[in-house]
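Based on what follows, work out the 3D shape:
(chains A and B)
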2 protein chains.
Amino acid sequence: METRLSSATKEVLISDEQPTVIIGERINPTGKKKLTTALQAGDLELVRQEAIAQVQAGADILDINVSAGGVDAVSLLPRAVEIIQETVNVPLCLDSDSPAALEAAIKVYQGKPLVSSVTGQNDSLKKILPLVRECGTTVIGLTIDDEGIPNDSERRVAIARKIVKQAEAQGVPREDVIIDCLALTVGSDYRAGLVTIEAMRKVKAELGVNLTLGVSNVSFGLPERGLLNGTFLAIAIAAGLNCAIVDAVQLRQIILATDLILGHDRFAMRYIKAYRQRYKE
Amino acid sequence: METRLSSATKEVLISDEQPTVIIGERINPTGKKKLTTALQAGDLELVRQEAIAQVQAGADILDINVSAGGVDAVSLLPRAVEIIQETVNVPLCLDSDSPAALEAAIKVYQGKPLVSSVTGQNDSLKKILPLVRECGTTVIGLTIDDEGIPNDSERRVAIARKIVKQAEAQGVPREDVIIDCLALTVGSDYRAGLVTIEAMRKVKAELGVNLTLGVSNVSFGLPERGLLNGTFLAIAIAAGLNCAIVDAVQLRQIILATDLILGHDRFAMRYIKAYRQRYKE
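Sure thing, here's the model as predicted:
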């Protein structure tokens, strides 16, 4: 199963045969006061700088989320897309709760973007899938429905199945759906990490689709989050994760080490090249 | 499947239901000049100090290997066992290529030790298994035979199967055999890590035995070995590793993080306790 994304000049392939793809997560105002204030003022300079930093750190794709209180995402998301596409050449993940903002951003996007996201909720499926089909984008499917995020792996697999089936029924090919089995913190439920890993293995085995995951929720409320995030990331990649939504600055080394361990780095070339670059700086 | 080891006063349980057990690997002169010289002079003070350091760092079991050129292991291994059992209370893994040294060490050992090791070679099976049966110890089975370490997972599984079958045929119960699928460096074969992980998954699925692994070989010849060892360790635990042969000082944090991610640490108690202890120091 191969998912293809592109910018105007660059294509990114996502599949079990490829090294792990990094989706840089930093362009998102949640919990970032300075970025929130800038976005509320319509100022996209911080977004531009963060895009450069994440790509320099090895991000293959950038997640772009500009939603905050007082921000009109329908006008700001497309503006952010234009500025980022003028600045860096990687494909983008257009990330918004608003279908209108997603549609406006897709219209100005050059290439084939990733759209974040559709869920197992009927309302979401009805609004997002036609947009994905008409615009020929790819889409992230979140394993959440009207009852929330299931606390067992079987029900997350059931939601993934529903999303993939409905996508195919509406003409969106399976390879354009990337499933996110969702991470919750092990700080409040000690089985949370295991449930996500089990769901990923089952979705991969049954549906064969590519998998994405934002890893950092797993460590919410716990000390030494980098240690937990890195460990979870390595285990998730071994369980079939294809594209990780992470801070590229913090976690690229773990991803390169994991790809080397799992046979995705012949002659250790990517690992050693990154090591040399770090020590030249 | 539950393996029970003991010292005179302490029992260690190894099973899929337990947190990962740490076998401290530092008492081994290979590549350590100062320790080699001390052992050649019959001086066990360094061994005693290392035993204390590894147990303080969280080792649940200590591997004891005193073999070096010019050392009579048949007399030195039992002496080392006596001194270490006077110093710390954890069970020991008696590690020697010499069946006579293993037998002498077992004789003075108080409790039920782990014996390292038997291989798939007929000569090894013939010499080690009767000793294990007569003395009621547990044993590590290495997936190597007269042709060396196979470079594919299927043949490693075949050796594991042979060891377990022969052990049972000779009256050694399956739970007293712990299989080591062996790690080779990804620096010379990019599939080496994957083959080990695949072999572990298959041995666990088919034979149900507990698994051990010395992880550090995986990074031989590469930069930032700690990063690769830690990543490999997390993936190996997720693949079924029950007891890791590691430097407890370097890798205990990764093991605690992995156990938390994989649902072996209710309320994150072990993880948080270790974090607090580190920052009290």
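
Make sure I have this right: residue A:139 is in a strand.
Yes. Judged by DSSP: H, G, I helix; E, B strand; the rest coil, residue A:139 forms part of a strand.

State the distance from it to residue A:169.
14 Å (C-beta to C-beta, to the nearest Å). For the C-beta atoms, the positions are set from N, CA and C on the backbone; glycine is no exception.

more neighbours, these two?
The neighbour count for residue A:139 versus residue A:169, taken as other C-beta atoms under 10 Å in any protein chain shown, is higher for residue A:139 (24 against 10).

For beta bridges, what are the partners of the more buried one?
residue A:115, residue A:177 (DSSP bridges).

what does the stretch 101-250 of chain A put close to chain B?
A:186-187, A:190-191, A:193-194, A:197, A:218, A:222-224, A:227-228, A:230-232, A:234-235, A:238-239 (C-beta under 8 Å from any C-beta of the partner chain).

Would you map the strands across chain A?
Taking DSSP state E, the strands of chain A run over residues A:3-6, A:11-14, A:21-27, A:61-64, A:92-95, A:114-119, A:138-142, A:177-180, A:210-214, A:243-246.

Name the residues that touch the fourth one?
What it means is strand A:61-64. The contact list for strand A:61-64 (C-beta atoms under 8 Å, 6 or more residues apart in numbering or on different chains) reads A:5, A:12, A:21-25, A:27-28, A:47, A:51, A:54-55, A:77, A:80-81, A:84, A:88, A:90-95, A:105, A:114, A:116, A:243, A:245.

between the strands of chain A, which one is nearest to residue B:164?
strand A:210-214 (34.6 Å; C-beta to C-beta).

So which elements touch that closest one?
Contact here means 3 or more C-beta pairs under 8 Å, 6 or more residues apart in numbering or on different chains; DSSP states H and E; on that basis strand A:210-214 packs against strand A:177-180, helix A:192-207, strand A:243-246.

how about a markdown table for those, with mean neighbour count added?
Listed next are those as a markdown table, based on neighbours: other C-beta atoms under 10 Å in any protein chain shown:
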| stretch | mean neighbour count |
| --- | --- |
| strand A:177-180 | 26 |
| helix A:192-207 | 22 |
| strand A:243-246 | 26 |
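
Next, format the ones you listed as CSV and append mean pLDDT.
Below are the helices and strands packed on strand A:210-214 laid out as CSV (pLDDT from 0 to 100):
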stretch, mean pLDDT
strand A:177-180, 98
helix A:192-207, 98
strand A:243-246, 97
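
Now tabulate these in a markdown table and tack on distance to residue A:277.
Formatted as a markdown table, the helices and strands packed on strand A:210-214 follow (distance: least, C-beta to C-beta, whole Å):
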| stretch | distance to residue A:277 |
| --- | --- |
| strand A:177-180 | 29 |
| helix A:192-207 | 30 |
| strand A:243-246 | 18 |
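
how about stretch A:262-270 as PDB, C-alpha atoms only?
Extracted C-alpha coordinates of stretch A:262-270, given in PDB (Å, rounded to 0.1, in the frame of the first residue of the first chain):
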ATOM      1  CA  LEU A 262      14.200  -2.400  11.500                       C
ATOM      2  CA  GLY A 263      16.100  -2.800   8.200                       C
ATOM      3  CA  HIS A 264      15.100   0.400   6.500                       C
ATOM      4  CA  ASP A 265      18.600   1.900   6.200                       C
ATOM      5  CA  ARG A 266      21.000   0.000   4.100                       C
ATOM      6  CA  PHE A 267      24.700   0.500   5.100                       C
ATOM      7  CA  ALA A 268      23.400   2.700   7.900                       C
ATOM      8  CA  MET A 269      23.700   5.600   5.500                       C
ATOM      9  CA  ARG A 270      20.900   7.800   6.700                       C
END
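
Check which residues of that stretch are buried.
A:262, A:263, A:264, A:265, A:268, A:270 (16 or more other C-beta atoms under 10 Å in any protein chain shown).

Return the residues in contact with residue A:25.
A:63, A:214, A:216, A:245, A:246, A:247.

Excluding covalently adjacent residues, which one is nearest to the fourth one?
Meaning residue A:245. Counting by C-beta to C-beta, 6 or more residues apart in numbering or on different chains, the nearest residue to residue A:245 once its immediate chain neighbours are dropped is residue A:214, at 4.1 Å.

how near is the most centrally placed residue in chain A to residue A:67?
In chain A, the centroid-proximal residue (C-alpha atoms, centre = their mean) is residue A:245; its distance is 4.3 Å. Note on residue A:245: its distance to residue A:67, by C-beta to C-beta, is 16 Å.

Surely residue A:264 is in contact with residue A:15?
No. Taking contacts as C-beta atoms under 8 Å, residue A:264 lies outside contact range of residue A:15: 10.9 Å.

List buried residues within the contacts of strand A:61-64.
The neighbour-count test (16+ other C-beta under 10 Å) applied to the contacts of strand A:61-64 identifies A:5, A:12, A:21-25, A:27-28, A:47, A:51, A:54-55, A:77, A:80-81, A:84, A:88, A:90-95, A:105, A:114, A:116, A:243, A:245 as buried.

about what we covered before: just the buried residues of stretch A:262-270: which are in helices?
Counting by DSSP state H, the buried residues of stretch A:262-270 place residue A:270 in helices.

can you list the buried residues of stretch A:262-270 in a markdown table and add distance to residue A:164 and pLDDT?
Below are the buried residues of stretch A:262-270 laid out as a markdown table (distance: C-beta to C-beta, whole Å; pLDDT from 0 to 100):
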| residue | distance to residue A:164 | pLDDT |
| --- | --- | --- |
| A:262 | 25 | 97 |
| A:263 | 27 | 96 |
| A:264 | 25 | 95 |
| A:265 | 30 | 95 |
| A:268 | 36 | 94 |
| A:270 | 31 | 95 |
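
and the buried residues of stretch A:262-270 near chain B, which?
Okay, of these touching chain B (C-beta under 8 Å from any C-beta), that's A:262, A:263, A:265, A:268.

what's near enough to touch the second one?
For residue A:263, the contact set (C-beta under 8 Å, 6+ apart) comprises B:190, B:191, B:193, B:194.
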